[in-house]
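Colleague: need a structure here:
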Amino acid sequence: MKPVISTLVLTLALGTVSAPAFAGEVCMPAQELKASLVDWYGEEPVPNQKDGNVQVWASEMTGTWSAVKTLSDGTACVTAQGTNWMAGLEAQQTIIASLD
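Modeller: Residues are numbered from 1 along each chain as shown. As a prediction, this is how the structure comes out:
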């Protein structure tokens, strides 16, 4: 009986720990999401981005970055995020480098 309980506890613990890694997009009103990126991570929009509905935000201080998709209804979603932001590279180069 003990091994069954231990296995069950371990499975529940691992499921709880790994759940955020599989979470979907985080969406909320655009102003609220952008304010959160500034307040929580110190991220700002990366300069010199092409116009479009996806914008990369990054922080040279924390090294974090977030790809934010803005929808026509005023909602914004974080579609990707990561660490090890490399200032000086264009946003697309940094995202590709962090996925390698």
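Colleague: burial measure for residue 64, as a count.
Modeller: Counted by other Cβ atoms under 10 Å, the residues lying close to residue 64 total 19. From N, CA and C alone the C-beta is placed, and that goes for glycine too.
Colleague: how about it, what does it touch?
Modeller: 41, 43, 58, 81, 82, 83, 85 (Cβ atoms under 8 Å, 6 or more residues apart in numbering).
Colleague: what about residue 80, distance to residue 58?
Modeller: Counting by Cβ to Cβ, to the nearest Å, the gap from residue 80 to residue 58 is 12 Å.
Colleague: Quick check: neighbours shared by these two?
Modeller: residue 66.
Colleague: okay, those two: which has more neighbours?
Modeller: Higher neighbour count among residue 80 and residue 58: residue 58, with 24 against 15, using other Cβ under 10 Å.
Colleague: gap between that one and residue 73?
Modeller: For residue 58 relative to residue 73 (Cβ to Cβ), the value is 25 Å.
Colleague: now do residue 86
Modeller: Taken as Cβ to Cβ, the span from residue 86 to residue 73 is 33 Å.
Colleague: So which of those two has more stuff around it?
Modeller: Neighbours per residue, other Cβ under 10 Å: of residue 86 and residue 73, the larger number sits with residue 86, 13 against 8.
Colleague: the strands in the protein, which residues?
Modeller: For the chain, applying DSSP state E gives strands covering 26-29, 44-45, 54-58, 65-70, 75-82.
Colleague: Generate TSV for the ones you listed, with mean pLDDT and distance to residue 35 as supplementary columns.
Modeller: Shown next, in TSV, are the strands of the chain (pLDDT from 0 to 100; distance: least, Cβ to Cβ, whole Å):
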stretch	mean pLDDT	distance to residue 35
strand 26-29	94	10
strand 44-45	94	12
strand 54-58	93	11
strand 65-70	94	12
strand 75-82	94	11
